[in-house]
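Chemist: What would the 3D arrangement of this be:
(one chain, ligands or ions: 2)
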Amino acid sequence: MDETHVAKAAELLRDAEFACCLTGAGVSAESGVPTFRDLDGLWQDHRAEELVTIEAFQADPRRVWKFHHGWRELIGSVEPNPGHVALARMEKILPRFELITQNVDGLHQAAGSSGVIELHGNIWDTWCVNCRYQCDAKLQPLSDEPHCPQCGAWLRPGVIWFGETLPIDALRAAQRAALSCDVMLVVGTSAVVQPAASLPEWACQHGASIIEVNPESTPLSRIAAVCLSGPGAHVLPALADKLSA
Ligand code: NAD
Ligand code: ZN
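Modeler: Ligands and ions are numbered 1, 2, ... in the order given. Presented below is the predicted three-dimensional model:
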């Protein structure tokens, strides 16, 4: 991590009237939640992407539930890392800061961030595929093959699977933020899953500076004003320290 890059990123954030942040699976990597890339091959030789579609659920709901039960168990056992905590600190330091996440793990809220825009839902939300029944599996543990107490149809995890439409309120709020922010901090996303991947592009086209935090370069790196190369759990605390200095 280059100190001059951290200083430049801090300066951009300090000068911004409105800063927002888009996070992806990488921000939770150091909490022990694997990114999808890291999950590949670990799940019965199937790519994780193939298990998070409505087609996979329709073909074999038990198999898809088994995957999600495992994911819930893992997420239920992890804690926010210093990267999540630093983002919660930034919300207090900066005049206006909005956090948009593609993650479904709830770790930003656990670290103290407020008003988090969840683009892909939350791992604990559970919906009936047939009626309007919904529940929170954190408060109400589910059976291995959960069915709706109201109509008997399958329940499904309330996360947005590949190919599904994003929740309209969250998407609108994220788009509004992208079109009006001065700076967008983009942390731990491969920037390939649409439509989230378009948000930094739009922000950039509307004159915002992009700060990328990722150990690897991504399609976004070429438009970023600053690339902070390194894990979020190291880079974000350094950035928050610089901002509060
Ligand atoms: P991705 O798996 O496609 O990409 C992860 C990115 O994080 C990569 O660019 C990688 O270089 C970077 N990364 C890895 N370790 C990092 C670290 N320590 N610090 C910072 N960056 C790091 O993830 P995505 O772009 O979020 O898209 C995948 C989809 O899968 C999203 O919809 C996401 O919601 C979902 N997902 C969520 C979780 C979660 O909730 N924690 C976990 C896996 C996948
Ligand atoms: Zn039902």
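
Chemist: C-alpha only now, for contacts and for neighbours.
Modeler: OK.

Chemist: so where's the longest helix in this protein?
Modeler: Of all segments of type helix in the chain, defined using DSSP state H, the longest is helix 61-76.

Chemist: Going by contacts, tell me the helices and strands next to the helix or strand just after that one.
Modeler: Downstream of helix 61-76, the next assigned helix or strand under DSSP states H and E is helix 82-93. Judged by 3 or more C-alpha pairs under 8 Å, 6 or more residues apart in numbering; DSSP states H and E, helix 82-93 is in contact with strand 97-101, helix 107-111, helix 232-244.

Chemist: ok, and what's touching helix 82-93?
Modeler: With contacts defined as C-alpha atoms under 8 Å, 6 or more residues apart in numbering, helix 82-93 is touched by 27-28, 97-98, 107-108, 111-114, 232-237, 240, 243-244.

Chemist: Among these, the buried ones, what's the PyMOL command?
Modeler: Selection of buried members from the contacts of helix 82-93 for PyMOL, criterion 16 or more other C-alpha atoms under 10 Å:
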select buried, resi 27+28+97+98+107+108+111+112+113+232+233+235+236+237+240+243
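
Chemist: Extract the CA atoms of the longest helix of the chain and return them as PDB.
Modeler: Extracted as PDB, the C-alpha positions of helix 61-76 are listed here (Å, rounded to 0.1, in the frame of the first residue of the first chain):
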ATOM      1  CA  PRO A  61     -34.500 -26.900  -4.400                       C
ATOM      2  CA  ARG A  62     -33.000 -29.300  -1.900                       C
ATOM      3  CA  ARG A  63     -29.500 -28.900  -3.400                       C
ATOM      4  CA  VAL A  64     -29.800 -25.100  -3.600                       C
ATOM      5  CA  TRP A  65     -31.100 -24.900   0.000                       C
ATOM      6  CA  LYS A  66     -28.200 -27.100   1.200                       C
ATOM      7  CA  PHE A  67     -25.800 -24.600  -0.300                       C
ATOM      8  CA  HIS A  68     -27.600 -21.600   1.300                       C
ATOM      9  CA  HIS A  69     -27.900 -23.300   4.700                       C
ATOM     10  CA  GLY A  70     -24.100 -23.800   4.600                       C
ATOM     11  CA  TRP A  71     -23.600 -20.200   3.600                       C
ATOM     12  CA  ARG A  72     -25.900 -19.000   6.400                       C
ATOM     13  CA  GLU A  73     -24.100 -21.200   8.900                       C
ATOM     14  CA  LEU A  74     -20.800 -19.700   7.800                       C
ATOM     15  CA  ILE A  75     -22.000 -16.100   7.800                       C
ATOM     16  CA  GLY A  76     -23.700 -16.600  11.200                       C
END
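
Chemist: is ligand 1 contacted by that helix?
Modeler: No: against ligand 1, helix 61-76 shows no contacts by C-alpha under 6 Å from any ligand atom, the least distance being 7.9 Å.

Chemist: on that earlier part again, same list, the helices and strands packed on helix 82-93, but as a markdown table with distance to Leu74 and mean pLDDT please.
Modeler: Shown next, in a markdown table, are the helices and strands packed on helix 82-93 (distance: least, C-alpha to C-alpha, whole Å; pLDDT from 0 to 100):
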| stretch | distance to Leu74 | mean pLDDT |
| --- | --- | --- |
| strand 97-101 | 19 | 98 |
| helix 107-111 | 12 | 98 |
| helix 232-244 | 19 | 97 |
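
Chemist: Now render the ones you listed as TSV, adding distance to Ala16.
Modeler: Putting the helices and strands packed on helix 82-93 into TSV (distance: least, C-alpha to C-alpha, whole Å) gives the following:
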stretch	distance to Ala16
strand 97-101	10
helix 107-111	22
helix 232-244	12
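
Chemist: Fine, thanks again, bye for now.
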